[in-house]
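Novice: no sequence on hand, only this structure:
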């Protein structure tokens, strides 16, 4: 798991994302994946799952990300119809680690 980026999202725009928990032995890690190509949250999870067959994976929910690199801001909000709402506070924590120079990385429990 150490070779996988914890966060992999599109460089800008508004898109669906999923929060994934991976387990291998006694090790556990969360991953955030978000892409505009994902018509459904399941598409994004299944793509990650297909590339990581050696891990035990579960999708902890999803939502949307509004990524504005020019403003150095990310907003996490909404939910996945199929997986439910991710714990956006976990997602924000992971995004803050990935984008330490951003001035605003927040979440809202409103919106779809």
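Specialist: Noted; the coordinates are in hand. Worth saying up front: this structure is predicted, and the values here are computed from it rather than measured.

Novice: do I have it right that residue 32 meets residue 94?
Specialist: Yes - counting by Cβ atoms under 8 Å, residue 32 touches residue 94, with 5.1 Å between them. Any C-beta I mention is one placed from the backbone N, CA and C, and that applies to glycine too.

Novice: name the residue in these two with the higher neighbour count.
Specialist: Just comparing residue 32 and residue 94: by other Cβ atoms under 10 Å the higher neighbour count belongs to residue 32, 24 against 17.

Novice: which residues does the more buried one bridge with?
Specialist: Going by DSSP bridges, residue 32 is paired in beta bridges with residue 7, residue 19.

Novice: which residues touch it?
Specialist: 6, 7, 8, 9, 17, 18, 19, 20, 91, 94, 95 (Cβ atoms under 8 Å, 6 or more residues apart in numbering).

Novice: at 10 Å instead, please
Specialist: By Cβ atoms under 10 Å, 6 or more residues apart in numbering, the residues touching residue 32 are 5-9, 17-20, 62, 65, 76, 86, 90-95, 98.

Novice: among the residues you listed, which lie within helices?
Specialist: Within those, residues falling in helices by DSSP state H are 90, 91, 92, 93, 94, 95, 98.

Novice: most centrally placed residue in this protein?
Specialist: For the chain, the residue nearest the mean C-alpha position is residue 32 (2.7 Å; Cα atoms, centre = their mean).

Novice: pLDDT value on that residue, please?
Specialist: Here the pLDDT value assigned to residue 32 is 98.

Novice: with the one 4 residues further on instead?
Specialist: Model confidence at residue 36, given as pLDDT, is 98.

Novice: can you tell me the closest non-neighbouring residue to it?
Specialist: Excluding the flanking residues, the one nearest residue 36 by Cβ to Cβ, 6 or more residues apart in numbering is residue 15, at 4.2 Å.

Novice: before we move on, the earlier item: of the ones in helices among the contacts of residue 32, which is the nearest to residue 45?
Specialist: Nearest to residue 45 out of the ones in helices among the contacts of residue 32 is residue 91 (Cβ to Cβ; 14.1 Å).

Novice: next one, pLDDT for that closest one please.
Specialist: Reported pLDDT at residue 91 in the predicted model: 98.
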